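In: kindly generate the corresponding structure for this input.
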Amino acid sequence: METEDELVDREFSTIVRTRPQQRILTAALDLIGVHGVSGTSLQMIADAIGVTKAAVYHQYKSKNQIVIAVTENELAILEDALIAAEADERRQQARRTLLIQLIDLAVARRQWVGTLTSDPVIVRILGEHPPFQRFISRLYGVLLDQRDDTQARVTAAIMSAAIAGSVVNPLVTDLDDDVLRANLVDLVPRLLGLDPDS
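Out: Predicted structure coming up:
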């Protein structure tokens, strides 16, 4: 049984969605990853899952709501790792473990990560969504070992760009996920000064 503090720490994994909502989000993840937010319509999502546009609208009143829900679903995958890292007193190991989870998600969702970091509509929507901002702040708090100085923020920006840019870069599109992941796990921790044996 989780304590009240543990429930407060959970931004996304406690959100309950219906089966129709999940179907919409799965289709939207793929479509937005390919076409961006502006290039994806509610009708396209409806067509992808074989329902009417009205059925999609019944579950989500706007594409913005869908973008937020898709992002929350994806970040929920990292939530347990983030909570564990925040509680782990072995700072180096906690940071490295969380970073590897982040890399795993980025590699598994290559298209979505590219869109998430470059689509101006997504950037705006998530920039105005407090739960997303809190989660990212916590994530970087662990990865940067709670530092919030200029160098830490620049390091975070470089690390984010390294991961997001690498998974969608044309130079690595032919790389198998396992090969790409292994290389990122080897290289990216160095940006944070993490000991390879931690």
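
In: got any ranges where the chain has weak pLDDT?
Out: Filtered on pLDDT under 70, the chain yields the residue ranges 1-8, 147-148, 195-198.

In: tell me which residue lies nearest the centroid of it.
Out: L75 (4.6 Å; Cα atoms, centre = their mean).

In: which element, helix or strand, includes that one?
Out: Using DSSP states H and E, L75 sits in helix 63-87.

In: which strands or helices does that helix pack on?
Out: helix 4-9, helix 19-35, helix 91-108, helix 110-118, helix 120-127, helix 130-143 (3 or more Cβ pairs under 8 Å, 6 or more residues apart in numbering; DSSP states H and E). All C-beta spots, glycine's among them, are computed from the backbone N, C-alpha and C.

In: quick check, H129 in contact with V70.
Out: No - using Cβ atoms under 8 Å as the test, H129 is too far from V70 to be in contact (12.0 Å).

In: these two: which is more packed in?
Out: V70 (23 against 16; other Cβ atoms under 10 Å).

In: isn't that one right next to L25, touching?
Out: Yes - between V70 and L25 there is a contact under Cβ under 8 Å: 5.1 Å.

In: helix, strand, or coil at G39?
Out: coil (DSSP: H, G, I helix; E, B strand; the rest coil).

In: that one: neighbour count?
Out: Using other Cβ under 10 Å: G39 sits among 13 other residues.

In: need phi/psi at it.
Out: phi -90, psi 0 (degrees, to the nearest 10).

In: of the helices and strands packed on helix 63-87, which is nearest G193?
Out: helix 91-108 (9.3 Å; Cβ to Cβ).

In: separation between the residue nearest to A69 when sequence neighbours are not counted and D177?
Out: Spatial nearest neighbour of A69, excluding adjacent residues (Cβ to Cβ, 6 or more residues apart in numbering): L25 at 5.6 Å. Here the criterion is Cβ to Cβ, to the nearest Å. By it, L25 lies 22 Å from D177.

In: so those two - more neighbours on which side?
Out: Shown here are L25 and D177; by other Cβ under 10 Å, L25 has more neighbours (21 against 12).

In: tell me the contacts of that one?
Out: Contacts for L25 (Cβ atoms under 8 Å, 6 or more residues apart in numbering) come out as 17, 66, 69-70, 73.

In: compare the residues you listed and tell me which is most surrounded.
Out: I66 (26 neighbours).

In: hang on, isn't that one packed against I24?
Out: Yes - counting by Cβ under 8 Å, I66 touches I24, with 6.7 Å between them.
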